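1. sharing a sequence plus its predicted fold:
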Amino acid sequence: MKNVSKLIAAFALATAVAFAADEKTIKGEGLCAKCELKEAKSCQNAIKVKDGDKSIVYYLEQNDVSKAFHKNLCSGTAKVVAKGEVKEKDGKKILIASKIELDK
């Protein structure tokens, strides 16, 4: 019984570490891809991050977290911190945000 408990605990820990490893924290200038960048047909959050001499734009997937935060970005820009999984689609970086907040 002790071995089964240890095995379950080890599996739970490994699973938690695997999920945490997929999450990335992005800090940068939050803005609307439609209103500020003029790159989208409808409002969509984006985060512009400076990487040396160039900028990388992360487009936030339209999930509940992103939609709820959009009121902070549609009328202007703000420094933000977002956490989530990053994927690439059609040559663009897409962030599936699990958390977004204004950077203090």
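-> Yes, it's here.

2. which residues of this structure fall in strands?
-> Remark: strands of the chain, listed N- to C-terminal, are 23-32, 45-51, 54-60, 78-89, 92-102; assignment by DSSP state E.

3. partners of the third one, with directions?
-> Right, the one you point to is strand 54-60. Pairing partners of strand 54-60, with direction, according to DSSP bridges: strand 45-51 (antiparallel), strand 92-102 (parallel).

4. rewinding a little: can I get the strands of the chain in a markdown table including mean pLDDT and mean neighbour count?
-> C-beta coordinates here come from the backbone N, C-alpha and C atoms, glycine included. Below are the strands of the chain laid out as a markdown table (pLDDT from 0 to 100; neighbours: other C-beta atoms under 10 Å):
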| stretch | mean pLDDT | mean neighbour count |
| --- | --- | --- |
| strand 23-32 | 96 | 18 |
| strand 45-51 | 96 | 18 |
| strand 54-60 | 96 | 16 |
| strand 78-89 | 97 | 15 |
| strand 92-102 | 97 | 16 |
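
5. same list, these, but as CSV with distance to Asn72 please.
-> Shown next, in CSV, are the strands of the chain (distance: least, C-beta to C-beta, whole Å):
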stretch, distance to Asn72
strand 23-32, 7
strand 45-51, 9
strand 54-60, 12
strand 78-89, 6
strand 92-102, 7
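
6. rewinding a little: do you know which of the strands paired with strand 54-60 lies nearest Lys34?
-> Lys34 sits nearest to strand 45-51 of all the strands paired with strand 54-60, at 9.3 Å, using C-beta to C-beta.

7. so for Ala40, what's the nearest residue that isn't a sequence neighbour?
-> Using C-beta to C-beta, 6 or more residues apart in numbering and skipping residues adjacent in sequence, the residue nearest Ala40 is Ala33, 3.9 Å away.
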